[in-house]
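Peer 1: Sharing a sequence plus its predicted fold:
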Amino acid sequence: MAWLIGYVLSERFKRSGRSKKKKDYILDFPGVNDKETASLLVGREIEYRDNFVRVEGKIVRTHGVRGRVRARFTKPLPGGFWKGKVYLRVDKPVLEVAKYVEGSYQTV
């Protein structure tokens, strides 16, 4: 097993009549550049780590055609989440497909 490091690109609000749920986020993993490779990551568990906080989540679906994914965490991420990284535990076949050749489009 290995860890694949990703970055949080933006918050995605799910609205209802009364409230906004801030648990959905769009993530970008370097080396995952197309929708087919990103679909291999759907259903896997991820975690956000900071010096003080650890929040677990799950990749729900792909987002767009550039290999980005949408993740849902158990709790909203803290305010300074732009500095943090998201860690995804992957096995060897997925890691070979998502080889890190160049940086992603947006790294935070």
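Peer 2: That came through fine. Because the structure is a prediction, the values reported are computed rather than measured.

Peer 1: Every contact and neighbour count from this point should use C-alpha atoms.
Peer 2: Will do.

Peer 1: What are the boundaries of the strands in the chain?
Peer 2: 2-15, 20-28, 45-49, 54-63, 68-73, 85-90 (DSSP state E).

Peer 1: among the ones you listed, which is the most enclosed?
Peer 2: Stretch with highest mean neighbour count among the strands of the chain: strand 68-73 (a mean of 22; mean count of other CA atoms under 10 Å).

Peer 1: That one pairs with which strands, and in what direction?
Peer 2: strand 20-28 (antiparallel), strand 54-63 (antiparallel) (DSSP bridges).

Peer 1: If you average pLDDT over each of the ones you listed, which is lowest?
Peer 2: Among those, strand 20-28 has the lowest mean pLDDT, at a mean of 84.

Peer 1: residues in contact with the closest residue to residue 8 other than its chain neighbours?
Peer 2: For residue 8, ignoring the flanking residues on the chain, the nearest one in space by CA to CA, 6 or more residues apart in numbering is residue 27 at 4.6 Å. Contact analysis of residue 27 by CA atoms under 8 Å, 6 or more residues apart in numbering lists 6-10, 68-71.

Peer 1: Next: residue 39.
Peer 2: Counting by CA under 8 Å, 6+ apart, residue 39 touches 61-62.

Peer 1: Any figure for the gap between it and residue 94?
Peer 2: To residue 94, residue 39 is 11 Å away according to CA to CA, to the nearest Å.

Peer 1: just to revisit the earlier point, who's the residue nearest to residue 8 bridged to?
Peer 2: Beta-bridge pairing of residue 27 under DSSP bridges involves residue 8, residue 69.

Peer 1: Got phi/psi on residue 66?
Peer 2: The phi/psi pair for residue 66 (degrees, to the nearest 10) reads phi -90, psi 10.
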